[in-house]
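Q: give the three-dimensional model of this entry:
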Amino acid sequence: MNFSSLEYINTLRESGTVLQSSKYLINRCLKNIAFDKAKVIVELGMGNGCITKEILERCDNNTTIISFEVNKKFCSYCQNKFKNNLSLKILNKSAFDFQDILEQNNISEVDYIISSLPISLFDKNDTTKLLTNLKKTLKKEGHFIQYQYSLNHLKLIKNIFPKVTVDFTMLNIPPAFIYNCA
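A: Below is the predicted model of the structure:
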């Protein structure tokens, strides 16, 4: 077991999982992103950077990527891992601070928000407020992509986003649902 796996287990309540995302889950999360047109991508819950790595490989240098991670060990790990990538900003901040951070960086709207946050573990009011603010931040044609291990919050998400499609992969531990919201 590597550093990342141990950290996921030690911080289960914070990370919401015991293992990093599989390549199958990552590909399902990123499959509908127009990387050649994306100017700003926000990642909520960077973990050990497995999704971040794929985002960076698919984007050009003109895309700004802002990744939030509350876990200091994961954040430090990723800051070292991606230290040579100038288009990536890694912040040891909560996703609940994303609006302030975007404002500080003169960003009023984003193309894509990719989230691995364990929203099913959050207070319902906090989740509703976060999702509402995420929607306000998206460009008109933007997308919010969230993966979860259950359909518990599907109704809540559909109440906020007018268009929601759900994908699924068994090829992840645990199997995951991917919400693509517009």
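
Q: any regions of this protein where pLDDT drops low?
A: Residues of the chain that meet the criterion pLDDT under 70 lie in 1-18.

Q: switch the cut-off to 90
A: 1-20, 60-61, 120-121 (pLDDT under 90).

Q: just give me the longest strand of it.
A: Ranked by residue count and defined by DSSP state E, the top strand of the chain is strand 138-148.

Q: which positions within the next helix or strand along the chain from it qualify as buried?
A: Next in sequence after strand 138-148, counting helices and strands by DSSP states H and E, comes helix 154-160. The neighbour-count criterion (16 or more other CB atoms under 10 Å) identifies 157, 160 as the buried residues of helix 154-160. C-betas here are computed from N, CA, C, even on glycine.

Q: neighbouring strands for the longest strand of the chain, and are they parallel or not?
A: Next to strand 138-148 in the sheet, as set by DSSP bridges, lie strand 110-115 (parallel), strand 176-181 (antiparallel).

Q: from the chain's centroid, how far away is the last one?
A: Right, strand 176-181. 11 Å (CA atoms, centre = their mean, to the nearest Å).
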